[in-house]
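> Sharing a model prediction with you, sequence too.
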Amino acid sequence: MGATAVFFDLDDTLLWDERSVKEAFEVTCQIAAEETGLDAAELEEAVRSQARVLYQTYDFYEFTTMIGISPFEGLWGKFNVGTQLEFRRMAELIPEYQKESWRRGLSQFGVEDEELAQQLAQKFGAERRLRPLVYEETYQVLHELKGNYKLLLLTNGCPGLQQEKLDGVPELSPYFDEIIISGSFGKGKPDKSIFDHALSRLGITPHEAVMVGDKLSTDIKGGLAAGLKTAWINRNGKPYHSNIQPDFEIKHLSELHRILDTL
């Protein structure tokens, strides 16, 4: 039997999250530069670095790794939705993390200003929310597939934050027969169980589904483990960083038509 369903990742597969974050950093760091005289690009690099290091010190870090919540999502998310105790812990501690990441970034250049750090933390969140960016081909490809294949969105992350992203682009969700968010399920990609759960929701076998995503370590690794065909969307020619070998590699979502025809 050929492919009857396509599973899509969300961030940096359909939504251009990396660009949204980058633009939010640029605007926020420019404000800081005008206030302090620092170089905006250098401050961005410092805050990114400090955020990564600080994120790993929190007791919820292991949980975020399993569910798939990045440090930069932590810089703007609220995490006030979700049944797990860890989400309540995140909701309690994330405001501190957001301010402290900016405070440490400023401090790296000798600027000690708690009030400015708080302002920048709030500004970054606001700027990120203004940028629900979608790749130019996303809607066209989904429109062409809808009705011919079952479509399922399989995304890692906090249910509240991922839903907020979807609410920012209300045209997207109606394309999907099912939407599964790891924070609601309890485990994230690449855990095989979330793929098995997705298959059961559509009532299909692994051989009937293709997983499309931008991350070898989660989308592709998990899809392969669950027995799905996999298509790695690699728009920028990133090198392989592991021994994970997708069935297909594409640079544009429109290439999916060729792949699905062969299956």
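Cool, got the structure.

> What strand or helix carries residue 33?
helix 17-36 (DSSP states H and E).

> Just checking, which helix or strand succeeds that helix along the chain?
Following helix 17-36 toward the C-terminus (DSSP H and E): helix 40-55.

> That next one vs helix 17-36, what angle?
Put simply, helix 40-55 runs at 110 degrees to helix 17-36, going by axes from the mean of the first three to the mean of the last three C-alpha atoms, to 10 degrees.

> can you list contacts of helix 40-55?
25-26, 29-30, 32-33, 61, 64, 71-72, 74-75, 97, 100-102, 104-106, 108-109 (C-beta atoms under 8 Å, 6 or more residues apart in numbering). C-beta here means a position set from N, CA and C on the backbone, and glycine is covered the same way.

> For it, buried residues please.
For helix 40-55, a neighbour-count test (16 or more other C-beta atoms under 10 Å) marks 40, 43-44, 46-48, 50-51, 54-55 as buried.

> can you redo the residues you listed as CSV with distance to residue 218 and pLDDT?
Below are these laid out as CSV (distance: C-beta to C-beta, whole Å; pLDDT from 0 to 100):
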residue, distance to residue 218, pLDDT
40, 31, 98
43, 30, 98
44, 25, 98
46, 27, 98
47, 25, 98
48, 20, 98
50, 25, 98
51, 20, 98
54, 23, 98
55, 17, 98
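
> roughly how far apart are the residue lying closest to residue 43 once chain neighbours are set aside and residue 120?
Leaving aside its chain neighbours, residue 43 sits nearest to residue 29 (4.7 Å; criterion: C-beta to C-beta, 6 or more residues apart in numbering). Applying C-beta to C-beta, to the nearest Å, the value for residue 29 to residue 120 is 8 Å.

> before we move on, what about residue 74?
Taking C-beta to C-beta, one finds residue 74 at 15 Å from residue 120.

> Just the buried positions in stretch 219-226, please.
219-224, 226.

> what pLDDT, on average, does that stretch get?
Stretch 219-226 carries an average pLDDT of 98.

> Need the contact partners of it.
By C-beta under 8 Å, 6+ apart, stretch 219-226 touches 7, 9, 13, 189-192, 194-196, 199, 206, 211-213, 229-230, 232, 244-247.

> Nothing else from me, thank you.
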